[in-house]
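Enquirer: Starting from these lines, generate the structure:
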Amino acid sequence: MASPDPPATSYAPSDVPSGVALFLTIPFAFFLPELIFGFLVWTMVAATHIVYPLLQGWVMYVSLTSFLISLMFLLSYLFGFYKRFESWRVLDSLYHGTTGILYMSAAVLQVHATIVSEKLLDPRIYYINSAASSLSTSFQFFAFIATLLYILHAFSIYYH
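Expert: Numbers count the residues shown, from 1 in each chain. Below is the predicted model of the structure:
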């Protein structure tokens, strides 16, 4: 019968805390804020009036996919799945760096969609987006905060 624990020659970095201590250590402390802001972003995008399906579809794709993958990363750290792979930190850093770039593109596209809807469309649609955007302004703020968190996470994993 196979042992559920990794062998003693595991590649796991020794400085990765386990349990609740994970949330108190940089760079792993970024996971919860990333998930909270990511959740706020995709729920706010889902609540807005769709003016530009392609732009807002990209924003929704980036925010929801990033939320789910970050949740999987968090669970893998909590349950110790990372212990079985040598290049886990490289994967973590590349994921968070790439996600930071994608989140930046999504945030910029959403700002563009809001500005264009203000100028070109029926004011009612703009006001719906603005109300959902006190959602739009909040969304843009949360999207840029999420971008910053992902980039900080990537750099802190890289330099840690």
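Enquirer: Only C-alpha atoms from now on, for both contacts and neighbour counts.
Expert: Noted.
Enquirer: Can you show me the strands along this structure?
Expert: Taking DSSP state E, the chain contains no strands at all.
Enquirer: now it, which segments are flagged as low pLDDT?
Expert: 1-19, 49-51, 117-139, 160 (pLDDT under 70).
Enquirer: Try it again at 80.
Expert: 1-29, 41-42, 44-56, 80-89, 92, 110-143, 153, 157-160 (pLDDT under 80).
Enquirer: Now for it: which helix has the highest residue count?
Expert: Longest helix of the chain, by residue count under DSSP state H: helix 88-120.
Enquirer: tell me which residues of that one are tucked away?
Expert: The neighbour-count check on helix 88-120 (16 or more other C-alpha atoms under 10 Å) flags 88-89, 92-97, 99-100, 102-111, 113-114, 117-118 as buried.
Enquirer: same deal with stretch 66-85?
Expert: Neighbour count says stretch 66-85 has 66, 67, 70, 71, 73, 74, 77, 78, 80, 82, 83 buried, by 16+ other C-alpha under 10 Å.
Enquirer: As CSV, could you dump the C-alpha coordinates of that stretch?
Expert: Taking Å, rounded to 0.1, in the frame of the first residue of the first chain, the C-alpha atoms of stretch 66-85 are listed here in CSV:
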residue,chain,number,x,y,z
SER,A,66,-7.8,33.7,-12.0
PHE,A,67,-10.0,33.3,-9.0
LEU,A,68,-10.4,29.6,-9.6
ILE,A,69,-6.7,28.9,-10.3
SER,A,70,-5.7,31.0,-7.3
LEU,A,71,-8.1,29.0,-5.2
MET,A,72,-6.5,25.8,-6.4
PHE,A,73,-3.1,27.1,-5.6
LEU,A,74,-4.2,28.0,-2.1
LEU,A,75,-5.7,24.6,-1.6
SER,A,76,-2.6,22.9,-2.9
TYR,A,77,-0.5,24.9,-0.3
LEU,A,78,-3.0,24.1,2.5
PHE,A,79,-3.1,20.4,1.7
GLY,A,80,0.6,20.0,0.9
PHE,A,81,0.3,19.0,-2.8
TYR,A,82,3.2,21.3,-3.6
LYS,A,83,5.6,19.0,-1.7
ARG,A,84,5.7,16.6,-4.6
PHE,A,85,7.1,19.0,-7.2
